[in-house]
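A.B. asks: Got a sequence here, can you build the structure:
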Amino acid sequence: MTEELDISFANANIRASTICTIVLGFAADPLMRWSWPDPRQYLRSMPQFIDACAGRAFAHGTAYVAGEVLGAALWLPPDVQQDEEALDGIMALSLRPEITEDMAHLRRRMAEHHPREPHWYLPFIAVDPNWVGKGVGTLLMRYALQQCDEQGIAAYLESSNPENIPFYQRHGFKVVGEIQHGSSPPLTPMFRAAC
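C.D. replies: The predicted model follows:
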């Protein structure tokens, strides 16, 4: 059934649905729920966080969805950065005071791990929980990585859930470190060399 799903660009008409699918997909993510353990705070902050981290994918044509937004992947092409100012604002307004220092450390370490060479960056890939395990994530990943390979450009991500590392490894990503501070769950930087 998933073989029949089309991968398409998420335009402005489905931007909100795309972000909602990612919010659903990350609802049990260790790092996201450490950041916002209260469900109401998570549902308020996570859409803004997604938009600040990866919203520029919509403007660059690199926000992809599978089928009727059963899954989504937001990629930032080379030389396109996250909106750091918006991220700073979200963190300042929504994080519990006891984790702000840990989060600041994580963000610094994330910046240090980003490859210096041109690369595609994957801040978010997620599947509606009703469709997990049915190949939707694989279709999304293959679609984007085919473009990386055609352009001869590397890909990079940070896995915020250790359970997802084997999925990324199956697609050619290699673990290149670990980022953790204080009470935070670990983040795993992963790199896929250009083909």
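
A.B. asks: and stretch 62-69, what's its mean pLDDT?
C.D. replies: Per-residue confidence for stretch 62-69 averages out to 95 on the pLDDT scale.

A.B. asks: got the buried residues for that stretch?
C.D. replies: Of the residues in stretch 62-69, those scored as buried under the neighbour-count criterion (16 or more other Cβ atoms under 10 Å) are Thr62, Ala63, Tyr64, Val65, Ala66, Gly67, Val69. Every C-beta, even on glycine, is put in place using the N, C-alpha and C of the backbone.

A.B. asks: Where does the residue lying closest to the third one once chain neighbours are set aside fall, secondary structure wise?
C.D. replies: Using Cβ to Cβ, 6 or more residues apart in numbering and skipping residues adjacent in sequence, the residue nearest Tyr64 is Ala73, 4.9 Å away. Following DSSP states H and E, one finds Ala73 within strand 71-76.

A.B. asks: who does the helix or strand just after that strand touch, helix- and strand-wise?
C.D. replies: Toward the C-terminus, strand 71-76 is succeeded by helix 84-94 as the next helix or strand (DSSP H and E). For helix 84-94, the helices and strands in contact under the criterion 3 or more Cβ pairs under 8 Å, 6 or more residues apart in numbering; DSSP states H and E are helix 39-54, helix 100-113.

A.B. asks: Let me know the closest of the buried residues of stretch 62-69 to Val132.
C.D. replies: Nearest to Val132 out of the buried residues of stretch 62-69 is Ala66 (Cβ to Cβ; 12.2 Å).

A.B. asks: Could you pull up the mean pLDDT of the strand ranked longest in the chain?
C.D. replies: Longest strand in the chain by number of residues, with DSSP state E as the criterion: strand 119-127. Taken as a whole, strand 119-127 has an average pLDDT of 97.

A.B. asks: Just list what it packs against, helices and strands only.
C.D. replies: For strand 119-127, the packing partners by 3+ Cβ pairs under 8 Å, 6+ apart come out as helix 15-25, helix 39-54, strand 71-76, helix 136-151, strand 154-159.
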